[in-house]
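Q: fold the stuff below for me.
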Amino acid sequence: MNDQTTISKQSGDLDEAALWQLRVDLAAAFRLAVEFDWHESVGNHFSAAVSADGKKFLLNPKWKHFSEICASDLLLLDAEDDSVMQGPDAPDPSAWCIHGAVHRTSPAARVMLHLHPPYTTALAALKDPTMYPVDQNTARFFGMGVDTGFGGIADDAEEGLRIARAFGNHNALMMGNHGVSIVAETVAEAFEAMYFFEKAARTLVLAYSTGQPLAVMPDALAEKTAASWGDYTGASFKHFEHLKRMLDAKDDSYKR
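A: A predicted model of the protein is given here:
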C-alpha cells in the first residue's frame, strides 16, 4: 500500500509516518504548482484528509506563497470545528469554505486541489466551458462535473456546500467563471489529474483559437478512451516521484 493511503487499523486515521509522508507530498504539490505556473499570487489551496471520515484534514496556511510552503507549515483542521476561523491561525476563508465543506461531506475525497490555471480558467470563462473530447487527454475527463452556478468568491457556508454538491460522484469539477477542483485518493493521483486537466484545457483553447470546427469524438469513443485511462494509474506515482526528484535537485526545503 502506498504511504499516502496507509491507515491505522486501530483508529482509522493515518499513522505518524504516513501523516508525515502526506505532509511532504502535499508540500511538494504546492512547490510543483509554481514550477508549472498554476499558482495565483498567495491564493488557491490544496488539502488532504488524515482521518477515516475525512473530516480532519491538512490545508495550506493563509496567504503563504506556494513556493515557500513546507511540510510542517500545513494546518491540521477539523471540518466540524468552525471556531478555527476566529483563531490566530485561521485559514483563508474561501479555502475553509470549499475544502471544509468537501471534507465534511465526502469521505472519499481524500485529496483536493483547487486552482485557477491559465488555460483551464480561460475555458471556464466561456459560455460553454465543457471539456469536449477532441484528443485522448480531453477525453480523459469525459462526463466530468461542470458547475455553472458561480456565486462569487466562495466565503460562506452555503456556497461551500453548493460546490461540494456540484462534485457529485465526479473526480474533476470545471467551475464556470472560476477555475477547477480535483479530488483523488492520493496526492500523486490528484496532481496527475490536474496536470492533464490543464494540458487538456490548453489543447482545447488552442483548437478553438484556429476558428475551425472541433472534431469532437462520439460519446461511445470518448467514454471508452476515458475508461482506458484507468490502466495508467501507476504512471501517476512514477511521474510524481520524478517531479519530486526534480524538486530535490533544485530545493528540497519543502520536506521540512
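Q: helices and strands around the helix or strand harbouring residue 32, which ones?
A: Assigned by DSSP states H and E, residue 32 falls within helix 16-35. On a contact count with 3 or more CB pairs under 8 Å, 6 or more residues apart in numbering; DSSP states H and E, helix 16-35 meets strand 45-49, strand 56-59, strand 111-115, helix 187-209, helix 233-250. Where C-beta positions appear, they are placed from N, C-alpha and C, glycine not excepted.
Q: now those in TSV, with distance to residue 85 and mean pLDDT?
A: As requested, the helices and strands packed on helix 16-35 are exported to TSV (distance: least, CB to CB, whole Å; pLDDT from 0 to 100):
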stretch	distance to residue 85	mean pLDDT
strand 45-49	14	98
strand 56-59	12	98
strand 111-115	18	98
helix 187-209	25	98
helix 233-250	32	98
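Q: just these: most buried one?
A: strand 45-49 (a mean of 27; mean count of other CB atoms under 10 Å).
Q: extract the CA atoms of that strand and return them as PDB.
A: Listed in PDB are the C-alpha atoms of strand 45-49, where the atom choice follows Å, rounded to 0.1, in the frame of the first residue of the first chain:
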ATOM      1  CA  HIS A  45      -5.500  25.900  -1.900                       C
ATOM      2  CA  PHE A  46      -4.800  22.100  -1.600                       C
ATOM      3  CA  SER A  47      -6.000  19.800   1.200                       C
ATOM      4  CA  ALA A  48      -5.700  16.200   2.200                       C
ATOM      5  CA  ALA A  49      -7.800  14.100   4.700                       C
END
